[in-house]
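Trainee: One predicted model, sequence on top.
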Amino acid sequence: MRLIVGLIGRIASGKSIVADHLVKEHGASYYRFSDVLRDMLLRLQMPNTRENLQNMGLALRRLFGDGILAEALKADIEEDGSGLIVVDGIRYQDEFDMVKDLGGVILHVTSPERVRYERVLKRATRGEAEISFEEFKRNEDKETERLIDELGENSDHTIENNGTIDGLKRQVEDFVRDNS
């Protein structure tokens, strides 16, 4: 049986931990919508910042249509023979629909706002080490982040990541068991 898991969640909610666990413990193939954008930024010799990723994604969607990233990943996923596939970073309806159309299950990873902010400071990636809480909240309101909660409400399953990493991994194992 093939299981495709689409991940939805706010910044620093724990999506990457979920994805890493599925890859390391279950041999999942891993796809992330932002990887297409990262590849483009690298090719253009532009910094890999959250702002550049957001701007590149918005520009592509405006120029080539809302489904441009979903179609790019869909082609890769359809060719992948893996029994478990993780699709990380769903932010728009067309991306959600693409995973569902492929027979996938949507997993919403949630965590309290203040906890997520503290995680951003701790991981200090993509120029976020000095971000203020107000700036973090502004980032959460950007166009690329606005639909996450709404899409999450329509997910097939929700994991609340408000405990330990081991607790999160146990929830992931329960999810895999229930969906295999």
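Mentor: Thanks, I have it.
Trainee: Now the phi/psi pair for Leu53, please.
Mentor: Phi and psi for Leu53, reported as degrees, to the nearest 10, are phi -60, psi -40.
Trainee: Could you find the closest non-adjacent residue to it?
Mentor: Distances taken as C-beta to C-beta, 6 or more residues apart in numbering place Leu37 nearest to Leu53, at 4.9 Å, with adjacent residues excluded. (C-beta placed from N, C-alpha, C; glycine too.)
Trainee: Check which helices and strands the least confident helix or strand in the chain by mean pLDDT sits against.
Mentor: Taking mean pLDDT, DSSP states H and E as the measure, the helices and strands of the chain show their lowest mean at helix 133-140, namely a mean of 85. In terms of contacts (3 or more C-beta pairs under 8 Å, 6 or more residues apart in numbering; DSSP states H and E), helix 133-140 is packed against helix 113-123.
Trainee: the inter-axis angle of the helix it packs on versus helix 133-140?
Mentor: Put simply, helix 113-123 runs at 100 degrees to helix 133-140, going by axes from the mean of the first three to the mean of the last three C-alpha atoms, to 10 degrees.
Trainee: those helices in the protein, which residues are they?
Mentor: All helices of the chain, identified by DSSP state H, fall at 15-26, 33-43, 50-64, 68-79, 93-101, 113-123, 133-140, 148-153, 165-179.
Trainee: Check the ones you listed for me: which has the lowest mean pLDDT.
Mentor: If you rank those by mean pLDDT, helix 133-140 sits at the bottom with a mean of 85.
Trainee: which residues touch that helix?
Mentor: With contact meaning C-beta atoms under 8 Å, 6 or more residues apart in numbering, helix 133-140 is reached by 10-11, 50, 113-114, 116-117, 120, 131, 145.
Trainee: The residue nearest to Asp66 when sequence neighbours are not counted: neighbour count?
Mentor: Nearest-residue entry for Asp66: Asp94, 5.0 Å, with adjacent residues in sequence omitted and distances by C-beta to C-beta, 6+ apart. Asp94 has 18 neighbours, counted by other C-beta atoms under 10 Å.
Trainee: From Thr158, how far off is Asp94?
Mentor: Distance, Asp94 to Thr158, by C-beta to C-beta, to the nearest Å: 21 Å.
Trainee: hmm, who's touching stretch 76-94?
Mentor: For stretch 76-94, contacts defined as C-beta under 8 Å, 6+ apart pick out 1-8, 15-16, 18-19, 22-23, 26-34, 61, 66-67, 70, 73, 95-96, 99, 102, 104, 106, 144-145, 147-148, 151, 176.
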